[in-house]
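> Build me a structure from this.
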Amino acid sequence: MKYRWYYLIGGILLLLICSGLGLSPFDPVIEFCGFLLIGWIRFLGRVVPQMTVEWNGVVTSMVCLILLAGGLHYFGRWFWSQNTEGETTSRWSARWTFAVLALVVLMFTAGISAVGITHQTVWLATSPEPVWERRGGLRELAGRTQSHNNLKQMVLAGHSHNDEKKALPPGGTFDAQGNGLHGWQTFLLPYIEQDNLFKSIDRDLPWSHPKNLPAFQTVVQVYINPEADPEKNGDGYGLSHYSGNVRVLGPNVGLVIPKDFGDGTSNTIFAGTVAVNFKPWGSPNNWRDPALGLNTSPHGFGHPKGKGASFAMCDGSVRYVTNDVDPKVLKAMSTPSGGEIVPLP
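Residues are numbered from 1 along each chain as shown. Sure, this is the predicted structure:
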């Protein structure tokens, strides 16, 4: 009978966590427990629908796993026979092979998880942003972390494009009359698990052509900042809460890493967060000038809450910059080969 009270109390707490109701002054604790218990469910709900299956990779992985299992079983039988010579009552079984194989896979998965946890812990320890705030709390921290992950995915996709196409994507493509065709975030789609969406776009037609309307009305979550609204504009186009650095993602020409980055990729901005005036992710004009300052112009970079901005650097890192940074520093961070000395903002 007494255990039923534990279930009742646990159920009430879980209901409060899921509903978002606070029990001040315990609401930070409830938020923290909520993220630990159900945060991963929300993450899977957001990410899984965007994933596509690469069957070549699946088949390759299965073949490698089968070969590993066969080799492990052969080795186990040989090793066991060498150490139990003369004993006929015991032999290496397939069940033992599967147990060892499961342990190897578990250790491999645990290693990947440990790397991820270490990366996030180091980021939290070194981030210049406040980890805890009275308003927003863990929700703001989670949104900020997701936004940084989005930026990292974009710049890593840019590197994949550079490796495959021998150049970064152009910020926008235009025809001979100057009409806009497609933007840089369209060319990143195959490298952010959106290959099917990319294939549905007729790239011989402008992004705004009616035939391309269904594709560009799709909301791509990697291009959405959890701390910003809305996700679509009045015409129904999916928006991007990020913009490219005009000196890296300019019109028609894609820069080459590392040839065109004399200042170093770690000193050059690839893309960043914006506060207002969001462009559709398919727009060929989705670029801005970091030298305008942060949260000072509707055409510059910033944060929806007016607090600095986050930038993906061309080396794959993500850097948070506060509002009081000198615009000259931002200008130096925007030029790939300007020859400036870039101090850490």
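> Please report how far residue 312 lies from residue 114.
According to C-beta to C-beta, to the nearest Å, residue 312 and residue 114 sit 24 Å apart. Heads up, the C-betas are built off the backbone N, CA and C, glycines and all.
> Nearest spatial neighbour of residue 293, chain-adjacent residues omitted?
In space, residue 293 comes closest to residue 327 once its chain neighbours are excluded; the distance is 4.8 Å by C-beta to C-beta, 6 or more residues apart in numbering.
> For the one you found, which residues are in contact?
By C-beta atoms under 8 Å, 6 or more residues apart in numbering, the residues touching residue 327 are 291-293.
> now the residue nearest to residue 276 when sequence neighbours are not counted, what's its secondary structure?
Spatially, and ignoring its direct neighbours in sequence, residue 276 is nearest to residue 298 (5.1 Å; C-beta to C-beta, 6+ apart). Counting by DSSP: H, G, I helix; E, B strand; the rest coil, the backbone at residue 298 sits in coil.
> Looks like residue 298 contacts residue 274 (just checking).
No - using C-beta atoms under 8 Å, residue 298 and residue 274 do not qualify as a contacting pair, with a distance of 9.1 Å.
> out of the two, which sits in the busier spot?
Between residue 298 and residue 274, counted using other C-beta atoms under 10 Å, the more crowded position is residue 274 (25 against 12).
> For this protein, give me the ranges with low pLDDT.
Counting by pLDDT under 70, the ranges of the chain that qualify are 1-53, 85-89, 119-139, 342-345.
> How about the biggest helix by length in it, which residues are buried there?
Longest helix in the chain by number of residues, with DSSP state H as the criterion: helix 94-126. For helix 94-126, the buried set under the neighbour-count rule, 16 or more other C-beta atoms under 10 Å, comprises residue 97.
> Check which helices and strands it sits against.
Using 3 or more C-beta pairs under 8 Å, 6 or more residues apart in numbering; DSSP states H and E, the elements in contact with helix 94-126 are helix 55-83, helix 137-165.
> wait, which of those helices is closest to residue 204?
helix 137-165 (17.9 Å; C-beta to C-beta).
> so that closest one versus helix 94-126, what angle?
Comparing the axes of helix 137-165 and helix 94-126 via axes from the mean of the first three to the mean of the last three C-alpha atoms, to 10 degrees yields an angle of 110 degrees.
> just to revisit the earlier point, so which of the contacts of residue 327 comes closest to residue 194?
Nearest to residue 194 among those, counting by C-beta to C-beta, is residue 292 at 29.9 Å.
> Which residues are in contact with the closest one?
Residue 292 neighbours (C-beta under 8 Å, 6+ apart): 299-301, 327.
> ok, these vs residue 188, which is closest?
Closest to residue 188, out of all of those and judged by C-beta to C-beta, is residue 301, at 18.6 Å.
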